[in-house]
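> I would like the atomic coordinates for the input below:
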Amino acid sequence: MRRPSLLVSVRCADEVSSAVDGGAEIIDVKEPLHGSLGLASPETLAACSAVVPEQLLWTLAGGELLDRRRHLEGRGDRDATTPSTVIFLPELKRLPYAVKFGLSRCRGIEWTGIFQDLTASLPVTVRAIPVAYADWQAAGSPAVPAVLDAAILCGWSTVLVDTFDKAESGSLLDLVSVETLQDWVAQASRHGVDVVLAGRLSLQDVSAVAACEPMAVAVRSAVCVGGRNGRVNTRLVQMVASECHNGSVNVRQNSIIENELKGVKL
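Residues are numbered from 1 along each chain as shown. Model prediction:
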């Protein structure tokens, strides 16, 4: 059985050490207040990238593919439609392994060409990863099988399957059966495409998702005290890592969260 890596999303440099100490193998940087794939500030990206251990990969959330942000102040030579991610990436001392772009509002349009153009605009060592939303109706995005087909056809290395609506749509396993996830991963794997699975996963969800043999299982809310917008906790990361790698559910998760919220020293 393939053992997936554990990806933990962080929002600041302090959370990087908590995630790494807990057993995270891939560090992803995002700002959860800005949405499913909220883009962190250039300062946050620089600070986080500087403290990720060299032996670990790091990635970042680049927002939605169709979101075009105005260029950063002082960079008037760049087209105003260029995503700000592309502008400040070369300024990072350590470039990310990959940047993830969501496909909300892409249903019914020729989005693959846009994605290819964006991929070509990144530094040559940085991959672009399309994000297929399991709640594709809410996101207005292509359905997951269509994104996997596009990745296979275009030769993209990785697809992230996530949830778009972090408030109403439920978790990945509320939306998709384990059997369907297994089929998606198997189909992609046959064609050399890796799949990362995410989407409001709880500790109890992780073993079932890991058993689908994705390249990685990605979490944030499950390892945070106070939910998705809370703070990464090393002990919670340790429990999720154990579940991801060994399938051992630890029933202490709720007590740790409750005690941390009450200020109890553990």
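
> which element follows the helix or strand encompassing residue 113 toward the C-terminus?
Element membership for residue 113, per DSSP states H and E: helix 111-121. Using DSSP H and E, the helix or strand that follows helix 111-121 in sequence is strand 127-133.

> Dihedrals phi and psi, residue 194?
phi -80, psi 150 (degrees, to the nearest 10).

> That one: neighbour count?
Close neighbours of residue 194, defined as other CB atoms under 10 Å, add up to 18. C-beta: built from backbone N, CA, C; applies to glycine.

> what's the answer for residue 182, then?
Applying other CB under 10 Å, we find 14 residues neighbouring residue 182.

> Find the residue closest to it in space, skipping its chain neighbours.
Leaving aside its chain neighbours, residue 182 sits nearest to residue 212 (4.8 Å; criterion: CB to CB, 6 or more residues apart in numbering).

> what's the neighbour count on that neighbour?
20.

> thinking again about what came up before, and the helix holding residue 113, what's buried?
The neighbour-count check on helix 111-121 (16 or more other CB atoms under 10 Å) flags 111-112, 115, 118-119 as buried.

> next one: stretch 219-226
Within stretch 219-226, judged by 16+ other CB under 10 Å, the buried ones are 219-225.

> Now the terminal residues of it, how far apart.
14 Å (CA to CA, to the nearest Å).

> Stretch 166-177 too?
End-to-end distance (CA to CA), stretch 166-177: 18 Å.

> which residues sit against that stretch?
Contact with stretch 166-177 is made by 32, 35-36, 134-135, 138, 144, 161-163, 181, 197-202, 205, 208-209, 228, as judged by CB atoms under 8 Å, 6 or more residues apart in numbering.

> ok, now with 6 Å
Contact with stretch 166-177 is made by 134-135, 138, 163, 199-200, 205, as judged by CB atoms under 6 Å, 6 or more residues apart in numbering.

> again, but for stretch 93-112
Contacts of stretch 93-112 (CB under 6 Å, 6+ apart): 37, 49, 57-62, 64-66, 85, 123, 125-131, 139-142, 150, 160, 164.

> taking those one by one, which sit in strands?
Mapping the contacts of stretch 93-112 onto strands (DSSP state E) picks out 57-62, 64, 127-131, 160.

> Let me have the residues you listed in JSON lines, adding neighbour count as columns.
Shown next, in JSON lines, are the ones in strands among the contacts of stretch 93-112 (neighbours: other CB atoms under 10 Å):
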{"residue": "57", "neighbour count": "15"}
{"residue": "58", "neighbour count": "22"}
{"residue": "59", "neighbour count": "26"}
{"residue": "60", "neighbour count": "27"}
{"residue": "61", "neighbour count": "27"}
{"residue": "62", "neighbour count": "28"}
{"residue": "64", "neighbour count": "23"}
{"residue": "127", "neighbour count": "16"}
{"residue": "128", "neighbour count": "22"}
{"residue": "129", "neighbour count": "22"}
{"residue": "130", "neighbour count": "26"}
{"residue": "131", "neighbour count": "26"}
{"residue": "160", "neighbour count": "29"}
